[in-house]
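Novice: When you get a sec, could you give me coordinates for this:
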Amino acid sequence: MNICMYDSRFAAALGAAVGLLLSVAPVSAAVPSQPAAAAVTLDDAWRACNARKLSAADRIAHCTTIIQSTGAKRTARAQALMGRGFGFIAQKDLGRALADFDAAIKQNPKLAAAYYYRGAILTPSDPDRALAAFNKAIALDPKDADFFRQRSAVYVKRKDHARAIADLTAAIRLAKNPKTEHFLRGSAYEEHGERDKAIADYQASLLLDPDNEVLRKHLAHLGGEVPQAIQLPPGSCSANDITHEERIAGCTAVIDSATLTGWTLKVAYCNRGYALTELSEYDRVIADSNALIAIDPQAGCGYLNRGRAWYYKNDLDRAIADYTQAVTFDPGLHEAYASRGTAYFDRREFEQAVADYSAAIAIDPYTPMYFSDRGNTRYQAGDAKGAIADYNRAIEIDADYEQAYARRGWAFLKLDDLSKAEADFDKALALAPGDEYAQSGRAQLYERQNKPLPEGRSTGLSFEKLRRMVEQPSAETAAQNESQ
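Specialist: Numbers count the residues shown, from 1 in each chain. A predicted model of the protein is given here:
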């Protein structure tokens with residue numbers, strides 16, 4: 001199994017922002033970050049080295065100040081080496097991160113976390129050395145669930161399911177919320193041929209993580225039943241292939257019946273809120289979301305639905321605030337990251353938009369729209385080559401994704417690669433003959449070549465109109481475009 005399946009802390013370090021990494025694996029208590037220029041003393045450098053929100057480069061610089069200081073104690077230098085190692089992980093420089101964790105161990109041989117991260121880096125390439133590192137970490141701190149969970153990854157690679165199961169059993173006993181540990185132990189039982197025990201673990205994990213659709217499919221594949229407490233609401237509230245009006249009616253019926261509680265009631269509200277959003281009933285969405293949040297203040301989908309309503313009402317500040325709450329309470333809610341990315345795009349805060357689309361992609365790497373939207377954000381920020389890479393990935397996922405061809409055509413046009421631009425515009429129009437974005441791109445292409453547009457090829461949008469609706473328009477912009 002992949003290392004990232006076994007340790008969410010390490011996965012965050014590899015794929016997410018430094019702030020997320022340090023929020024789940026801090027070196028010490030967090031303090032407000034400071035700009036690099038302010039780190040003129042060891043105390044300042046120490047606070048910055050351990051701040052939760054700091055760029056990887058700044059973290060490395062501040063921690064290096066401590067590491068190179070003759071006034072720092074060995075224990076402090078070891079912690080600074082850990083902090084710098086996290087910075088290198090965020091930069092995906094695992095070799096230098098490993099060197100820092102090794103150096104931290106030399107400074108403080110009792111630093112269990114350094115052995116743990118050393119083992120996590122080594123697991124894919126050198127499981128024997130990784131196992132030795134985890135053994136040492138557990139010997140120093142036998143009450144950390146993460147240590148046992150990560151060591152089980154080594155045993156899984158070795159097909160030693162009995163030891164993997166034993167480690168995961170220990171992790172389940174130690175973890176505050178062992179949803180991941182139950183899932184992984186279920187996987188180990190499944191690979192070991194113990195179907196009933198696998199089902200029991202998947203059920204236990206699903207009770208702790210009822211929104212996990214992958215887990216539901218896993219359970220169904222084995223023929224296991226979803227626990228009654230987290231079964232989907234009955235009737236058309238959760239049915240497939242029905243109209244939004246039918247879904248609203250079905251969810252209203254089960255909500256008004258007062259027979260639902262807990263997770264099932266939350267899903268009924270969320271499904272109704274989603275359908276209301278699709279029908280542009282934004283005030284009703286807000287009222288519904290408020291009612292759900294009053295029942296369950298940590299209902300991520302309630303904040304997501306309300307955030308979308310605020311977005312379409314052109315209140316980007318409230319939308320972003322709600323999307324942020326959604327991912328705070330439900331970090332796996334990739335739709336909320338993507339929606340927040342779109343709101344940041346509308347504010348032309350492209351760096352934050354790219355970060356949010358990247359977070360959505362890290363959770364769900366098979367939705368072409370996320371790559372296409374990130375690509376368009378990069379295009380708007382002036383990175384045509386980066387945009388093309390994202391459009392390429394969107395097309396790899398869905399070869400008929402017309403939007404990505406049209407957008408990629410504009411990126412090629414910006415790079416003066418006219419033959420590829422024309423091929424993309426033609427492909428987009430073959431998939432969607434009336435697409436004005438592709439039509440306008442092809443018109444710009446022929447104008448640049450000083451060639452007449454071939455008969456039957458529409459000029460599409462005016463260039464000025466095109467610029468206003470290039471991507472992810474706000475509700476206000478969308479309304480303006482519709483009126484023109």
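Novice: all contacts plus neighbour counts: C-alpha atoms, from now on.
Specialist: OK.
Novice: Quick one: the strands in the protein, in order.
Specialist: Assigned by DSSP state E, the strands in the chain number zero.
Novice: where does it have low pLDDT?
Specialist: For the chain, applying pLDDT under 70 flags the ranges 1-41, 453-484.
Novice: Got the domain ranges for it?
Specialist: Listed domain ranges for the chain are 3-176, 232-362, 366-484 (source: automatic domain parsing).
Novice: out of those, which comes closest to D201?
Specialist: In terms of Cα to Cα, the element of the domains of the chain nearest to D201 is domain 3-176, at 10.5 Å.
Novice: The domains of the chain into JSON lines, with extra columns for mean neighbour count and distance to L184?
Specialist: Formatted as JSON lines, those follow (neighbours: other Cα atoms under 10 Å; distance: least, Cα to Cα, whole Å):
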{"stretch": "domain 3-176", "mean neighbour count": "20", "distance to L184": "7"}
{"stretch": "domain 232-362", "mean neighbour count": "20", "distance to L184": "17"}
{"stretch": "domain 366-484", "mean neighbour count": "19", "distance to L184": "22"}
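Novice: Let me have the ones you listed in CSV, extended by distance to P210.
Specialist: Output for the domains of the chain, formatted as CSV (distance: least, Cα to Cα, whole Å):
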stretch, distance to P210
domain 3-176, 17
domain 232-362, 7
domain 366-484, 21
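Novice: Which one, of those, ends up nearest to H182?
Specialist: Of all the domains of the chain, domain 3-176 sits nearest to H182, with 6.8 Å by Cα to Cα.
Novice: So what's the gap between that closest one and the chain middle?
Specialist: Here domain 3-176 is found 21 Å from its chain centre; the criterion is Cα atoms, centre = their mean, to the nearest Å.
Novice: picking up where we left off before, nearest to V214, of the domains of the chain?
Specialist: Closest of those to V214 is domain 232-362, at 11.8 Å (criterion: Cα to Cα).
Novice: just the helices in the stretch 51-200 of the chain please.
Specialist: Taking DSSP state H, counting those that start in this stretch as the test, the helices found in the stretch 51-200 of the chain are 56-68, 74-90, 94-107, 112-122, 127-140, 145-157, 161-174, 179-191, 195-208.
Novice: Include distance to Y337 when you put these into CSV, please.
Specialist: Shown next, in CSV, are the helices of the stretch 51-200 of the chain (distance: least, Cα to Cα, whole Å):
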stretch, distance to Y337
helix 56-68, 21
helix 74-90, 19
helix 94-107, 27
helix 112-122, 27
helix 127-140, 34
helix 145-157, 26
helix 161-174, 29
helix 179-191, 22
helix 195-208, 22
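Novice: for these, which one sits closest to Q325?
Specialist: Checking the helices of the stretch 51-200 of the chain against Q325 by Cα to Cα gives helix 195-208 as the closest, at 19.7 Å.
Novice: quick check: angle from the closest one to helix 179-191?
Specialist: Put simply, helix 195-208 runs at 160 degrees to helix 179-191, going by axes from the mean of the first three to the mean of the last three Cα atoms, to 10 degrees.
Novice: Looking at the helices of the stretch 51-200 of the chain, which is nearest to F412?
Specialist: helix 74-90 (30.9 Å).
Novice: Quick one: list the elements packing against that closest one.
Specialist: Applying 3 or more Cα pairs under 8 Å, 6 or more residues apart in numbering; DSSP states H and E, one finds that helix 74-90 contacts helix 8-15, helix 18-24, helix 42-49, helix 56-68, helix 94-107.
Novice: I172 is nearest to which of those?
Specialist: Among the helices and strands packed on helix 74-90, helix 8-15 comes nearest to I172, with 15.1 Å by Cα to Cα.
Novice: follow-up on the earlier one: between the domains of the chain, which one is closest to A200.
Specialist: Nearest of the domains of the chain (Cα to Cα): domain 3-176, 13.2 Å.
Novice: Just put the helices and strands packed on helix 74-90 in JSON lines and tack on distance to F329.
Specialist: Output for the helices and strands packed on helix 74-90, formatted as JSON lines (distance: least, Cα to Cα, whole Å):
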{"stretch": "helix 8-15", "distance to F329": "16"}
{"stretch": "helix 18-24", "distance to F329": "14"}
{"stretch": "helix 42-49", "distance to F329": "27"}
{"stretch": "helix 56-68", "distance to F329": "25"}
{"stretch": "helix 94-107", "distance to F329": "30"}
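Novice: From I295, how far off is A198?
Specialist: 33 Å (Cα to Cα, to the nearest Å).
Novice: A359 too?
Specialist: Taking Cα to Cα, one finds A359 at 28 Å from I295.
Novice: What of C49?
Specialist: Distance of C49 to I295, computed by Cα to Cα: 40 Å.
Novice: was I right about A164 contacting A188?
Specialist: Yes. Under the criterion of Cα atoms under 8 Å, A164 makes contact with A188 at 7.1 Å.
Novice: overlap in contacts of these two?
Specialist: Common neighbours of A164 and A188, using Cα atoms under 8 Å, 6 or more residues apart in numbering, are V156.
Novice: OK, contacts around the nearest residue to D209 once chain neighbours are set aside?
Specialist: Leaving aside its sequence neighbours, D209 sits nearest to K179 (Cα to Cα, 6 or more residues apart in numbering; 6.5 Å). Contact analysis of K179 by Cα under 8 Å, 6+ apart lists A204, S205, L206, L208, D209.
Novice: run the last query once more with 7 Å
Specialist: Contact analysis of K179 by Cα atoms under 7 Å, 6 or more residues apart in numbering lists S205, L208, D209.
Novice: ok, and the most crowded of those?
Specialist: S205 (24 neighbours; other Cα atoms under 10 Å).
Novice: Quick check: the gap between that residue and S419.
Specialist: Relative to S419, and taking Cα to Cα, S205 is found at 52 Å.
Novice: Over to I388?
Specialist: Going from I388 to S419 by Cα to Cα gives 15 Å.
Novice: Can you check which of the helices and strands packed on helix 74-90 gets nearest to A268?
Specialist: Shortest distance between A268 and the helices and strands packed on helix 74-90, using Cα to Cα, is found for helix 8-15: 29.5 Å.
Novice: Quick check: the residue most central in space within the chain vs F371, distance?
Specialist: Residue closest to the mean C-alpha point of the chain, counted by Cα atoms, centre = their mean, is A359 at 3.1 Å. A359 sits at a distance of 11 Å from F371 (criterion: Cα to Cα).
Novice: what's the answer for G95, then?
Specialist: 29 Å.
Novice: And G302, how close does it get to A294?
Specialist: Noted for G302: a distance of 10 Å to A294, by Cα to Cα.
Novice: Kindly report the same for A153.
Specialist: 40 Å.
Novice: now do M82
Specialist: Taken as Cα to Cα, the span from M82 to A294 is 41 Å.
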